[in-house]
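K.L.:
Predicted model and sequence below, questions to follow.
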Amino acid sequence: MRVVEAFRAAFGADPETVWRAPGRVNLIGEHTDYNDGFVLPFAVPWGVTAAVSPRPDQTIRLLSLQGSTTEPITLATREEATGWTRYAVGVLAMLGDRVRGADIALDGDVPQGAGLSSSAALEVSVASALNELHDLGLTPMEIALLSQRAENGFVGVPSGIMDQAASALCEEGHALFLDCRTLGSRSIPLDLAAHDLRILIIDTQVHHEHAGGEYAKRRAECESAARKLGVDALRDVTDLAGALERLQGDERKRVMHVVTESHRVEALVGLLRAGATREIGALLNASHLSLRDQYEVSSPELDVAVEAAVRGGARGARMTGGGFGGSAIALVDEDRLDSVRESVAAAYAERSWTPPRFLDATPAKGAHRLA
Ligand code: GAF
């Protein structure tokens, strides 16, 4: 394994453990996690492999095959960590005095900037390795929560629990139906090949600058709406029409999206459990329209990808992840794949946009030990 070779070359010994954690796509349930709602992500075949050994001192030595070897980071210099190193250092910081230092080599193959959660994969791979090395006894969900705390508290990104939970808990061939309030989860079989289907990832290769600020703004709008409605979280809205009457403007639209989206997750799970995988397309389309018009987190590149995919014969399509760029997914009959790809590529070419990248998403396995 090349990450082991790189570890050996840099640190002069074999790593004590090697873990791999995947990125994710979200089938449905967008911007519902931080509203205590439902989500349905699945792990993608790309992820981050972490070769790790503990150190007796408080030093962290880090290297990435995609980046560089960094200067050793100590307790005193932790806060100065920059870029991708913050995700790993954040995990160690959240573990506090349960761990000391570590030597860590990373090898990632999540397509960069595609919105497939390479950061969650990095956090979960490092957290899983440290959990084993220090006998911490953390469950996969506790590893996900720790990783989320690293992202919220150390990196400073106010994300929900979906990405880390998907990376830690997903099973091969399954999507993860997660209740983001109780953190109860169930693996739902997603055997696309049995239905002659594929999920095509359309990476727009565009990421808009304001994504971070807008994400935090949406969260704040949801929290403000929940306060006005007198509920703990938008998950608790049972009378949607009544709630909408009490709100105005953007908050009204946000509530409309969050409440209907969480119901769409349950409806889609119902269809999958009934073996009606071919029929989930309409819910994907409805999710996209709601994200575009009510939640306002789509982008021209995502909208064009979704519309052209459906025109090309996809059963349904939607943006996936936080939005403002990144990727869309399309549910496609195997014999329509070429036509869908051609339709999207032509729509981009017409606008002189950078050609989109197409990836085939097969539900993969969550975090696991490699060696
Ligand atoms: C990002 C966040 F990290 C997730 O927690 C989730 O909120 C998602 O956007 C939107 O569904 O990926």
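P.N.:
All right, it came through fine. Numbering: from 1, shown residues only.
K.L.:
what's the following helix or strand after the top strand by length along the chain?
P.N.:
If each strand of the chain is counted by residues according to DSSP state E, the longest one is strand 41-55. Per DSSP states H and E, strand 41-55 leads on to strand 60-64 as the next helix or strand towards the C-terminus.
K.L.:
Now do the helix or strand just after that next one: everything it contacts.
P.N.:
Following strand 60-64 in sequence order, the next helix or strand is helix 85-95 (DSSP H and E). For helix 85-95, contacts defined as Cβ atoms under 8 Å, 6 or more residues apart in numbering pick out 50, 60, 62, 70, 73, 78, 81, 99, 101-102, 104, 106, 119, 122-123, 126-127, 130, 134, 136, 146-147, 149-151, 153-155. Where C-beta positions appear, they are placed from N, C-alpha and C, glycine not excepted.
K.L.:
do helix 85-95 and the ligand meet at all?
P.N.:
No - using Cβ under 6 Å from any ligand atom, we find that helix 85-95 stays clear of the ligand, coming within 12.4 Å at best.
K.L.:
Leaving out the residues flanking it, which one is nearest to the closest residue to the ligand within the stretch 1-150 of the chain?
P.N.:
For the stretch 1-150 of the chain, the residue closest to the ligand is Glu30, as judged by Cβ to the nearest ligand atom, at 4.0 Å. Excluding its sequence neighbours, the residue lying closest to Glu30 (Cβ to Cβ, 6 or more residues apart in numbering) is Leu291, at 5.7 Å.
K.L.:
Please list all residues in contact with that neighbour.
P.N.:
Contacts here follow Cβ under 8 Å, 6+ apart; on that basis Leu291 touches 30-31, 257, 261, 297-298, 318-319, 323.
K.L.:
returning to what we had before: just the buried residues of the longest strand of the chain, please?
P.N.:
Under the neighbour-count criterion of 16 or more other Cβ atoms under 10 Å, strand 41-55 has 41-53, 55 buried.
K.L.:
in this protein, which spans are helices?
P.N.:
Using DSSP state H, the helices of the chain run over 2-11, 85-95, 118-133, 140-149, 162-169, 211-229, 240-245, 249-273, 281-293, 300-311, 337-350.
K.L.:
wait, what's in contact with the residue most central in space within the chain?
P.N.:
Geometric centre of the chain, nearest residue: Asp163, 3.5 Å, by Cα atoms, centre = their mean. Asp163 makes contact with 24, 41, 117, 119-120 under the criterion Cβ under 8 Å, 6+ apart.
K.L.:
So for it, what's the pLDDT?
P.N.:
Asp163 carries a pLDDT score of 98 in this model.
K.L.:
Check the spacing between it and Thr260 real quick.
P.N.:
With distances taken as Cβ to Cβ, to the nearest Å, Asp163 is found 22 Å from Thr260.
K.L.:
now swap in Thr69 and tell me
P.N.:
48 Å.
K.L.:
If we look just around the ligand, which residues of the stretch 201-350 of the chain are in range?
P.N.:
Residues of the stretch 201-350 of the chain lying near the ligand (Cβ under 6 Å from any ligand atom): 321-322.
K.L.:
And the residue of the stretch 201-350 of the chain that's closest to the ligand?
P.N.:
For the stretch 201-350 of the chain, Cβ to the nearest ligand atom, closest residue to the ligand: Gly322, 3.3 Å.
K.L.:
Can you read off the backbone torsions of that residue?
P.N.:
With angles defined as degrees, to the nearest 10, Gly322 sits at phi -70, psi -30.
K.L.:
list the contacts for it?
P.N.:
In this structure, Gly322 makes contact with 31, 115, 159, 211, 215, 297, judged by Cβ under 8 Å, 6+ apart.
K.L.:
Reformat the residues you listed as JSON lines; add pLDDT and neighbour count.
P.N.:
Shown next, in JSON lines, are those (pLDDT from 0 to 100; neighbours: other Cβ atoms under 10 Å):
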{"residue": "His31", "pLDDT": "98", "neighbour count": "28"}
{"residue": "Gly115", "pLDDT": "93", "neighbour count": "28"}
{"residue": "Ser159", "pLDDT": "96", "neighbour count": "21"}
{"residue": "Ala211", "pLDDT": "70", "neighbour count": "18"}
{"residue": "Tyr215", "pLDDT": "95", "neighbour count": "20"}
{"residue": "Val297", "pLDDT": "97", "neighbour count": "21"}
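K.L.:
And those, which is closest to Leu337?
P.N.:
Gly115 (21.3 Å; Cβ to Cβ).
K.L.:
Look up the closest residue to that closest one, ignoring the ones flanking it.
P.N.:
Using Cβ to Cβ, 6+ apart and skipping residues adjacent in sequence, the residue nearest Gly115 is Gly326, 2.4 Å away.
K.L.:
pLDDT score for the one you found?
P.N.:
Reported pLDDT for Gly326: 96.
K.L.:
Isn't it up against Gln112?
P.N.:
No - between Gly326 and Gln112 there is no contact, the gap being 10.9 Å when judged by Cβ atoms under 8 Å.
K.L.:
of the two, who's got more company?
P.N.:
Shown here are Gly326 and Gln112; by other Cβ atoms under 10 Å, Gly326 has more neighbours (27 against 12).
K.L.:
do you know how far the more buried one is from Pro355?
P.N.:
From Gly326 to Pro355 the distance is 16 Å (Cβ to Cβ).
K.L.:
same question, Ser125
P.N.:
Distance from Ser125 to Pro355, by Cβ to Cβ: 31 Å.
K.L.:
higher neighbour count, those two?
P.N.:
Ser125 (35 against 10).
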